[in-house]
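S.K.: everything below, folded, please.
(one chain, ligands or ions: 1)
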Amino acid sequence: MGKCKYCGKSAGLFRNEHKECEAEHNLRVYGALNEVIAAIKGAKSFGVISILSFGPL
Ligand SMILES: [Zn+2]
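M.R.: I've put the predicted structure just below:
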């Protein structure tokens with residue numbers, strides 16, 4: 001029985017994650033990416049600081 005790598009609960013046979021948990025994770029990753037892109041574009045120079053405190057993805 002596999003455990004969800006995102007929430008740690010049982011994800012069922014041959015599975016390592018829930019679809020919902022993965023989707024939420026992706027949303028967070030893409031949200032962080034959007035902040036990076038915005039910071040690079042110079043839209044908000046303060047975004048860089050929040051990214052640094054975000055830690056490794
Ligand atoms: Zn899960």
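S.K.: give me the neighbour count for the closest residue in space to Phe14 that isn't next to it in sequence.
M.R.: Excluding its sequence neighbours, the residue lying closest to Phe14 (Cβ to Cβ, 6 or more residues apart in numbering) is Gly2, at 6.5 Å. (Glycine included, C-beta is placed from N, CA and C.) Using other Cβ atoms under 10 Å, Gly2 is surrounded by 12 other residues.
S.K.: make sure Gly2 is actually in contact with Lys9.
M.R.: No. Here Gly2 lies out of contact with Lys9, judged by Cβ atoms under 8 Å, at a distance of 10.3 Å.
S.K.: send me stretch 22-33 as CSV with only the CA atoms.
M.R.: Output of stretch 22-33 as CSV, limited to C-alpha atoms (Å, rounded to 0.1, in the frame of the first residue of the first chain):
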residue,chain,number,x,y,z
GLU,A,22,-0.6,16.7,-6.4
ALA,A,23,-2.9,19.3,-7.9
GLU,A,24,-2.5,21.4,-4.7
HIS,A,25,1.2,21.0,-4.7
ASN,A,26,1.4,22.0,-8.4
LEU,A,27,-0.7,25.1,-7.7
ARG,A,28,1.8,26.1,-5.0
VAL,A,29,4.8,25.4,-7.2
TYR,A,30,3.3,27.4,-10.1
GLY,A,31,2.3,30.2,-7.7
ALA,A,32,5.9,30.4,-6.6
LEU,A,33,7.1,30.3,-10.2
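S.K.: please point out which parts of it sit buried.
M.R.: His25 (16 or more other Cβ atoms under 10 Å).
S.K.: so how far is it off the chain centroid?
M.R.: 4 Å (Cα atoms, centre = their mean, to the nearest Å).
S.K.: for stretch 2-19, same thing?
M.R.: On Cα atoms, centre = their mean, the centre of stretch 2-19 falls 17 Å from that of its chain.
S.K.: of all the residues in this protein, which ones are close to the ion?
M.R.: Cys4, Tyr6, Cys7, His18, Cys21 (Cβ under 5 Å from the ion).
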